[in-house]
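1. need a 3D model of the sequence below.
(one chain, ligands or ions: 1)
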Amino acid sequence: MHPDRNAVDLELQQCHIRLFVPLPILFAWYLFWTVKGHPQASNGLAVAGAFLVFAFVHWLRVRTNPGPYPGRQFTAIAVDQTACMIGMILTGELGAIIAFVNLWISLGNGIRFGVKWMALSALFATTGLIAVGLLSDYWTQHPIWIFSLLLLNVAIPAYVASLIRGYHESRAQLARYAGEMEEIALTDTLTGLPNRAAFFSQLQKAVSHAQRTQSSIALLYFDLDGFKQVNDSLGHAHGDSLLKQTALRVGQCLRGEDVLARLGGDEFVVLLNAQDKEKRVEKVAARILQAVASIDQVDGHRVEVTASAGIVLVSGAHAAALGSEGMIHEADKNMYAAKKKGKNQTVLSSFPAELRLVAGLDR
Ligand SMILES: Nc1nc2c(ncn2[C@@H]2O[C@H](COP(=O)(O)OP(=O)(O)OP(=O)(O)O)[C@@H](O)[C@H]2O)c(=O)[nH]1
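-> Coordinates of the predicted model:
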């Protein structure tokens, strides 16, 4: 596929429109007046014919050698607008129609190259029209007409430019809103951590990566011990503060590549992403438990809090077989086993079982 497929398509579209709409109309106009015997009509016929040949050659070039060439915008604007001026000078009153071609060119340049080039094209057109007003006998005698055509060539591009700008601004604003909504949908509002949906999407990516690179995944699930007690004794607001502190302190134990998320309530998960995750997993778990245990105050109230963690270490192939839900479920089961064993501790399992040994976790 051509690197700038859209631009090439647009360029071809412009070629077709030019070849089949304004130029045949211009040609037919001068043909009509030639048949009627207007003295300057044959000049116009020659100009319109030259325009048509030029447009045809340009169409062939775009078809055979698509893509931009150096100075494309400036050349297109200068050649088209100058040819229009010559046509107006050579055809006097019959040339009024060419002012609409000027306008067409400016709008076309805006669509092909952007608002700045449309402004330049309109500037070319208006300067050219002033030159026509000064150089051509017919137009010098009809200043009102040249002034009207000039206005037309300024006002319409300016109006279209404001429409294009408005359109781009609303698109940019929509994109910003969409980004903000996505962020809200993927963030846990209390702690600012990724939420369940965001975590699942990260885990999904990690599973694909582990499968592709034949590496492993280390997933840690932890839950505060006795959180309900804090809520009941201090109130929900202080419970919220404890959750925020937990997110902060645990986050400080992790590396930038690791993902800490809150699944809901007092349940958190960590996806270890660093290269040496297998070797780090137990150390990280110990650090997390220690970080939680170090919280001794919530909003000035003394608290004693610990956490229990379940870990799964899974090879890429097993991760794909278990799926994200399956892995979370395994880690959750281990976390409950740790609670049963007396809380404030970690239970780890691996799939396949030998992964523990490979990772050196049993040494
Ligand atoms: N403050 C606060 N509490 C919450 C929030 N979400 C859930 N909870 C409460 O958190 C508590 C979680 O319950 P458990 O995890 O079973 O309570 P626990 O005392 O930690 O029990 P163990 O895990 O067995 O030690 C419940 O009381 C919920 O009402 C929240 O966003 N903020």
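
2. buried sites along stretch 337-354?
-> 337, 338, 339, 344, 345, 346, 347, 348, 349, 350, 351 (16 or more other CB atoms under 10 Å). C-beta: built from backbone N, CA, C; applies to glycine.

3. what helix or strand is the first one on?
-> Going back to what we said before, that points to residue 337. Using DSSP states H and E, residue 337 sits within helix 316-340.

4. tell me the contacts of the closest residue to the ligand within the chain?
-> Of all residues in the chain, the one sitting closest to the ligand is residue 239 (2.7 Å; CB to the nearest ligand atom). Taking CB atoms under 8 Å, 6 or more residues apart in numbering, we find residue 239 in contact with 227, 230, 231.

5. number of residues surrounding the spatially closest residue to residue 100 that is not a sequence neighbour?
-> Closest residue to residue 100 apart from its sequence neighbours, by CB to CB, 6 or more residues apart in numbering: residue 22 at 7.6 Å. Other residues within reach of residue 22, judged by other CB atoms under 10 Å, total 21.

6. cool, and residue 97?
-> 18.

7. surely it meets residue 29?
-> Yes - between residue 97 and residue 29 there is a contact under CB atoms under 8 Å: 5.6 Å.

8. for the chain, what lies in contact range of the ligand?
-> Neighbours of the ligand within the chain, by CB under 6 Å from any ligand atom: 190, 223-229, 231, 236, 239-240, 243, 265-266, 339.

9. if we use 8 Å, what do you get?
-> Counting by CB under 8 Å from any ligand atom, the chain comes close to the ligand at 190, 223-232, 236-240, 242-243, 264-267, 308, 339, 343.

10. which of these are buried, as a ChimeraX select command?
-> Of these, the buried ones can be selected in ChimeraX as follows, counting by 16+ other CB under 10 Å:
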select :223,224,225,227,230,231,238,239,242,243,266,267,308,339
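
11. what ranges do the strands span in this structure?
-> When assigned using DSSP state E, the strands of the chain occupy the ranges 216-225, 259-264, 267-272, 297-298, 301-302, 306-315, 346-351.

12. dump those into TSV; add mean pLDDT as well.
-> Output for the strands of the chain, formatted as TSV (pLDDT from 0 to 100):
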stretch	mean pLDDT
strand 216-225	95
strand 259-264	96
strand 267-272	96
strand 297-298	92
strand 301-302	93
strand 306-315	94
strand 346-351	90
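
13. so which of the ones you listed is nearest residue 116?
-> Between residue 116 and the strands of the chain, the shortest gap by CB to CB is with strand 259-264, which sits at 43.0 Å.

14. tell me which other helices or strands that closest one touches.
-> Packing contacts for strand 259-264, counted by 3 or more CB pairs under 8 Å, 6 or more residues apart in numbering; DSSP states H and E, involve helix 196-213, helix 236-252, strand 267-272.

15. deepest-packed of the ones you listed, please.
-> strand 267-272 (a mean of 24; mean count of other CB atoms under 10 Å).

16. and that one, how far from the chain's centre?
-> In this view, strand 267-272 has its centroid 29 Å away from the chain centroid, taken as CA atoms, centre = their mean, to the nearest Å.

17. and for stretch 110-129?
-> Relative to the centre of its chain, stretch 110-129 is centred 28 Å away, using CA atoms, centre = their mean.

18. list of residues touching that stretch?
-> Stretch 110-129 is touched from outside by 10-11, 14, 73-74, 76-78, 80-82, 84-85, 88, 99, 102-103, 105-107, 109, 146, 149-150, 153-154, 157-158, 160-161, 164-165, with contacts defined as CB under 8 Å, 6+ apart.

19. residue 206 contacts residue 217, doesn't it?
-> Yes - in this structure, residue 206 is within contact of residue 217 by CB under 8 Å, at 5.5 Å.

20. name the residues contacting each of the two.
-> Applying CB under 8 Å, 6+ apart, one finds that residue 206 and residue 217 are jointly contacted by 271, 319.

21. count the residues that sit near residue 326.
-> Residue 326 has 16 nearby residues by other CB under 10 Å.

22. could you check how far it is from residue 337?
-> Note on residue 326: its distance to residue 337, by CB to CB, to the nearest Å, is 17 Å.

23. could you list the low-pLDDT ranges of the stretch 1-150 of the chain?
-> 1-5, 67-69 (pLDDT under 70).

24. and the helices in it?
-> Using DSSP state H, counting those that start in this stretch, the helices found in the stretch 1-150 of the chain span residues 5-20, 22-36, 41-64, 72-91, 98-113, 115-135, 137-141, 143-186.
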